[in-house]
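# what would the 3D arrangement of this be:
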Amino acid sequence: MKNLNILFAGFGGQGVLFAGKVVAYAALIANKQLSWLPSYGPEMRGGTANCSVCVSDEAIGSPLVTNPNVFIAMNLPSFDKFINAVEPGGVVIVDSSLIDKKVERDDVTVYYVPSTSLADENGVNGLSNMILIGKLFKEVCMADGDYKFCDEDILDQAVQKCIPARKAQMLDFNRKAIQIGQEQ
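Below you'll find the model as predicted:
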């Protein structure tokens, strides 16, 4: 597989770091090299948050993703800040419920997913991040191509690892959100 450098970005409280953690655990279960680097402002909830995840067959030199080949934009300030950093040929997944701008570049593949609205409409409020994870895995991580590194079973194992025992009741809601994302 080619080196996969993903940047998740949004507000604190949107599950940005959790989404990155799911990808990192999937890579770990798939026996890939990985790094997971969270970054957030001092205010946490409501402040800025982003998370870099690198997945590779080879050792990763730096966990910092400055030019992602996949960018998941969960709010407008993050979209504006990082959209031009995406490598040509990359993939951009946009929460179109919160971001009303269109990507003006023609050298990236773009998916507009109204994940916040879909979460609310489908009884999985607060799991917009997992809807975007579903889309990411469908189009990139499980799709035939340069970045494929896992399958449905590995993704499900990763989600199970990330949800603590005290929140076990959330597992099926997370699975439902992922399925909604994969159907987009």
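
# what about residue 85, distance to residue 17?
19 Å (CB to CB, to the nearest Å). Every residue, glycine included, has its C-beta placed from N, CA and C.

# any idea how many residues pack against the closest residue to residue 10 other than its chain neighbours?
Taking CB to CB, 6 or more residues apart in numbering as the measure, residue 10 lies nearest to residue 74, with 2.8 Å between them; neighbours along the chain are not counted. When neighbours are counted by other CB atoms under 10 Å, residue 74 registers 27.

# before we move on, back to that, the more surrounded of residue 85 and residue 17?
The residue with more neighbours, out of residue 85 and residue 17 and counting by other CB under 10 Å, is residue 17; that gives 20 against 13.

# for that one, give me phi and psi.
In terms of degrees, to the nearest 10, the main-chain angles of residue 17 are phi -70, psi -40.

# tell me the contacts of it?
Taking CB atoms under 8 Å, 6 or more residues apart in numbering as the contact definition, residue 17 lies against 8, 38, 40, 49, 51.

# of the residues you listed, which is the most crowded?
Ranked by neighbour count under the definition other CB under 10 Å, the contacts of residue 17 are headed by residue 8 with 32 neighbours.

# shouldn't that one be within a strand?
Yes: Residue 8 forms part of a strand when assessed by DSSP: H, G, I helix; E, B strand; the rest coil.

# contacting residues around it?
Residue 8 neighbours (CB under 8 Å, 6+ apart): 16-17, 19-20, 50-51, 53, 72, 74, 129.

# would you mind measuring from the closest residue to residue 2 other than its chain neighbours to residue 129?
The spatially closest residue to residue 2, leaving aside those adjacent along the chain, is residue 146, at 4.2 Å (CB to CB, 6+ apart). Distance of residue 146 to residue 129, given as CB to CB: 24 Å.
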